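Visitor: what follows is a predicted protein model with its sequence.
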Amino acid sequence: MKKSKRFMTILSVILMTAMLSGCIAVEMRVNGNGSCDITYTIDTSGLLSKSEVEKTIKEIVEKQNQRAGKNVAILKSIKEDKEKGIITALLSISNINDMGDGSFFGTVRHYRMKDGIGLDGLVDKKGRAVNEKDIPEDLYVVYTPGFEQESYGIIKLTIIVPGDIQYLTGGAEIQKSNVAYFSGETALVVFKKGGGGFPYWILLLAGAIFIICLIMKRKPTIAPVVSPPVTTHAPESVANFPTEPKTGSVSAVPGVRRSSEEV
């Protein structure tokens, strides 16, 4: 009962603001460790000032942390676009399970153990109804309550999960592999942890290839060693050495007369 009152207090403030302004967009970006960042984009149309919205949100965050006994929520930033009449507030939640409103992050198995609701009304990525018993227990669940009570189109909720969405509440819309959009439906997503979003490993691979190419370009090139031409000039003493006499002939020796000249 206390958890329900805590959430309804927060929700009533949001709804009051929405009724004055016309619309609120809520984006819930879930991290792999169960923490999340919640962005509220409030169309005030000039009816509320930034200081009024900031004061209200800070009071809500302070009360929620006091009841939880620790800092569960932190107001990270609040910005105003006066031209468009929009105020954007960013809250950081350390653990979805500590929000105190019945919100859940964990496996399907643990969600079933806690008697979590909504698993009986899910559809797959193609919009086909699925049997609750066929949902694997090792998949992960993100659930946040209260938005199914809003049927006037005032609050638009987007949930971004750290993986590939496998199932979600019937009537909700899958905008990307890891992004679900809700407008009055039970905000429940079942996903396979680890996938989804942009494949950042591609950036790492591209970076490694770039570094290798850069190193190769800067590496000094070694000029090939050219051997000097081999000369075959024989020594002059060898080149001038008298050739051998032909067969049958006698080489002329100074001071010696040939036999045919002998008396």
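Guide: Cool, the structure landed.

Visitor: I'd like the average pLDDT over the helix or strand hosting Phe191.
Guide: Secondary-structure assignment from DSSP states H and E places Phe191 in strand 187-193. pLDDT averaged over strand 187-193 equals 96, rounded to a whole number.

Visitor: which elements pack onto that strand?
Guide: Taking 3 or more C-beta pairs under 8 Å, 6 or more residues apart in numbering; DSSP states H and E as contact, the helices and strands that strand 187-193 lies on are strand 140-144, strand 155-160, strand 163-169. Using the backbone N, CA and C atoms, a C-beta is placed for each residue, glycine as well.

Visitor: so what strands line up beside the last one?
Guide: Strand 163-169 has these partner strands in its sheet, going by DSSP bridges: strand 122-124 (antiparallel), strand 187-193 (antiparallel).

Visitor: please export the C-alpha coordinates of the strand holding Phe191 as CSV.
Guide: Output of strand 187-193 as CSV, limited to C-alpha atoms (Å, rounded to 0.1, in the frame of the first residue of the first chain):
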residue,chain,number,x,y,z
ALA,A,187,4.9,-1.0,-19.6
LEU,A,188,6.6,-4.4,-19.7
VAL,A,189,9.4,-5.6,-22.0
VAL,A,190,11.1,-9.0,-22.1
PHE,A,191,14.5,-8.9,-23.8
LYS,A,192,17.6,-10.9,-24.4
LYS,A,193,20.4,-9.2,-22.6
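
Visitor: what stretches of the stretch 51-200 of the chain score poorly on pLDDT?
Guide: Scanning the stretch 51-200 of the chain for pLDDT under 70 picks out 148-154, 195-200.

Visitor: show me the contacts for the residue lying closest to Asn95 once chain neighbours are set aside.
Guide: Counting by C-beta to C-beta, 6 or more residues apart in numbering, the nearest residue to Asn95 once its immediate chain neighbours are dropped is Gly34, at 5.2 Å. With C-beta atoms under 8 Å, 6 or more residues apart in numbering as the criterion, the residues that contact Gly34 are Asn95, Ile96, Asn97, Phe105, Gly106.

Visitor: quick one: the strands in the stretch 1-150 of the chain, in order.
Guide: Remark: strands assigned in the stretch 1-150 of the chain by DSSP state E, counting those that start in this stretch are 23-30, 36-43, 73-81, 86-93, 104-107, 122-124, 140-144.

Visitor: what's the most buried one of these?
Guide: Each of the strands of the stretch 1-150 of the chain was given a mean neighbour count from mean count of other C-beta atoms under 10 Å, and the largest, a mean of 25, is that of strand 140-144.

Visitor: and that strand, which strands flank it?
Guide: Each strand pairing with strand 140-144, determined using DSSP bridges, is listed with its direction: strand 104-107 (antiparallel), strand 187-193 (antiparallel).

Visitor: quick one: the strand holding Phe191 to strand 155-160, angle?
Guide: Inter-element angle recorded for strand 187-193 and strand 155-160: 10 degrees (by axes from the mean of the first three to the mean of the last three C-alpha atoms, to 10 degrees).

Visitor: quick revisit: quick one: closest of the strands paired with strand 140-144 to Asp124.
Guide: The closest of these to Asp124 is strand 187-193. By C-beta to C-beta, the value is 9.6 Å.

Visitor: and the contacts of stretch 93-103?
Guide: Under the criterion C-beta under 8 Å, 6+ apart, residues 3-4, 6-7, 10, 30, 34-38, 64, 67-68, 70-74, 104-106, 142-146 lie in contact with stretch 93-103.
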